[in-house]
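Novice: Here is my input; please provide its structure:
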Amino acid sequence: MQDGTLAQCCQLSAEGHTMRSNQINILLVEDNPGDARLVKEMLTEAHPLTHELTHLTTLAQARDHLSHQVTDVVLLDLSLPDGQGLECASQLMESFPAVPFVILTGLDDEAVGLESVRRGAQDYLIKWQIDGKLIMRVISYAIERKQAALEKEKLIRELVQVTGGTFQMGSTTGSLNETPVHSVTLGAFYIDKTEITYENWTDVRNWGLTHGYADLPEGRNGCSGTTHHPVTEVDWYDILKWCNASSEKDGLTPVYYTSNTLTTVYRTGQLNLAAAAVKWTADGYRLPTEAEWEFAARGGTKSQGYTYSGSKIVDDVAWCGDNSGNNTHPVSTKGANELGIYDMSGNVWEWCWDWYGSYSSTAQTDPKGPTSGRRRVLRGGSFDVSDSSCHVSVRSIGSPHLRNHFVGFRCVRD
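Specialist: Below is the predicted model:
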């Protein structure tokens, strides 16, 4: 390493510091053996029983570890064999936005420190200025600050603009129901950046129960989630009513109505609405059509032709059967796609508006799917399926009555 090392001027501290009782999983990314050893000694002497430390030496190893292992905090050096400087660190932080990062470096540069915090680091530590007490306090505060930020984000829904365009829908290398590949042209729309979380659902549901939406279910926090997981165990009917409740709560015009007269807002019951009962020009929330979903998953007009939504490597962007630990995960903890949208491959299957039906080879503009059917379309794959079921073109189906722990949704707006 070119910058100063801990061994040059650091002394270990034996002073204690009160940490929360549960064990903290710390990832140290540091290629200097001496510096790594001293950090380990600091942590052990300060609090030997409150942490488990994993030491890796490259950004590639760190990325793989974060994709597969629970990590509470990362201590990251800025000078590594496969990447140096803040730009490389920023790319890693952006790929794992729910994990707190602390920069641990020998570079005593205030400007770099401030910029690292602007880019998402929770703190910036100079190696020769730390001791055991300080580093444990910084770790504790970093975890709590990140958790507080995530709590604030739970109820904030951010939508991403999808510019209209033409794309080839379907695939010649997947299942038969993904053929024939056909040309689809769509207008512009907005789509939720993440799957709707349990917290989002609960916030709107609580409002809806006192505003005419009497039968919205409680839903479930992912599969066995704790916080910020996608809502599950909500069916197609529940979601249409929730979309209307969310629209009214936000002062927008509801999209779904009980009939094609478009006079009575759909608030209760189970109605297999026809496209004519949808006010497609309203500014409220609705389910995406299957074509809108696939266009957004592919990256819209910015598509790079990836197999999965945002990458050709499933671990980069998707929680699936091979890496999920058989559970859902907090939204946006994998990488985003070309449009900045998360989890369109894996985590939970997502409901679409359309009845399920075979594709046509005819070019289409803003298709709404078949006029009738028995099952609705599900897209994207989930935490409990193979990576081949997480391709952007994969289609699945579900009864509109289906409430399951592996199915959720996201919304769009015009």
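Novice: Every contact and neighbour count from this point should use C-alpha atoms.
Specialist: OK.
Novice: can you give me the strands in the stretch 201-350 of the chain?
Specialist: 220-221, 231-232, 349-355 (DSSP state E, counting those that start in this stretch).
Novice: Where does pLDDT dip in the stretch 151-300 of the chain?
Specialist: 151-156 (pLDDT under 70).
Novice: tell me how far stretch 259-268 is from the chain's mean position?
Specialist: Stretch 259-268 sits 33 Å away from the centroid of its parent chain (C-alpha atoms, centre = their mean, to the nearest Å).
Novice: Also stretch 94-101?
Specialist: On C-alpha atoms, centre = their mean, the centre of stretch 94-101 falls 11 Å from the chain's centre.
Novice: do the same with stretch 285-293
Specialist: For stretch 285-293, the distance to the chain centre is 18 Å (C-alpha atoms, centre = their mean).
Novice: and what of stretch 91-111?
Specialist: Chain-centre distance of stretch 91-111: 20 Å, with C-alpha atoms, centre = their mean.
Novice: end-to-end on that stretch?
Specialist: Stretch 91-111 has an end-to-end distance of 19 Å (criterion: C-alpha to C-alpha, to the nearest Å).
Novice: contacts for that stretch?
Specialist: Residues outside stretch 91-111 that contact it (C-alpha atoms under 8 Å, 6 or more residues apart in numbering): 3-6, 59, 63, 66, 71-79, 116, 120-128, 139, 142-143, 146, 150, 332-336.
Novice: now stretch 180-191
Specialist: Counting by C-alpha under 8 Å, 6+ apart, 159-172, 288, 291-292, 296, 359-367, 410-414 sit against stretch 180-191.
Novice: Can you say which of the residues you listed are buried?
Specialist: 159-163, 166-167, 169-171, 288, 291-292, 296, 359, 410-414 (16 or more other C-alpha atoms under 10 Å).
Novice: Now stretch 319-332: buried residues?
Specialist: Neighbour counts using 16+ other C-alpha under 10 Å place 319-324, 326-332 of stretch 319-332 among the buried residues.
Novice: residues contacting residue 243?
Specialist: Residues near residue 243 by C-alpha under 8 Å, 6+ apart: 254-255, 284-287, 411.
Novice: and which of those residues is nearest residue 84?
Specialist: Distance to residue 84 across those (C-alpha to C-alpha) is lowest for residue 411, with 39.1 Å.
Novice: Quick check: closest non-adjacent residue to the closest one.
Specialist: residue 287 (5.0 Å; C-alpha to C-alpha, 6 or more residues apart in numbering).
Novice: Ok, residue 124 next?
Specialist: In space, residue 124 is closest to residue 103, 4.7 Å off (C-alpha to C-alpha, 6+ apart).
Novice: Tell me the backbone dihedrals of that neighbour, please.
Specialist: Here is the backbone geometry of residue 103 (degrees, to the nearest 10): phi -80, psi 130.
Novice: Near it, how many other residues are there?
Specialist: Neighbour count of residue 103, defined by other C-alpha atoms under 10 Å: 23.
Novice: Start at 47, not 1
Specialist: Noted, 47 is the first residue going forward, which turns the last one into residue 149.
Novice: quick one: it from residue 92, how far?
Specialist: From residue 149 to residue 92 the distance is 20 Å (C-alpha to C-alpha).
Novice: Same check on residue 159?
Specialist: 25 Å.
Novice: coming back round to it: now the buried residues of stretch 365-378 as CSV including distance to residue 96?
Specialist: What follows is these, written out as CSV (distance: C-alpha to C-alpha, whole Å):
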residue, distance to residue 96
365, 28
366, 31
367, 31
368, 29
369, 26
370, 25
372, 27
373, 26
374, 26
375, 24
376, 24
377, 27
378, 28
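Novice: between those residues, which is nearest residue 250?
Specialist: residue 377 (18.1 Å).
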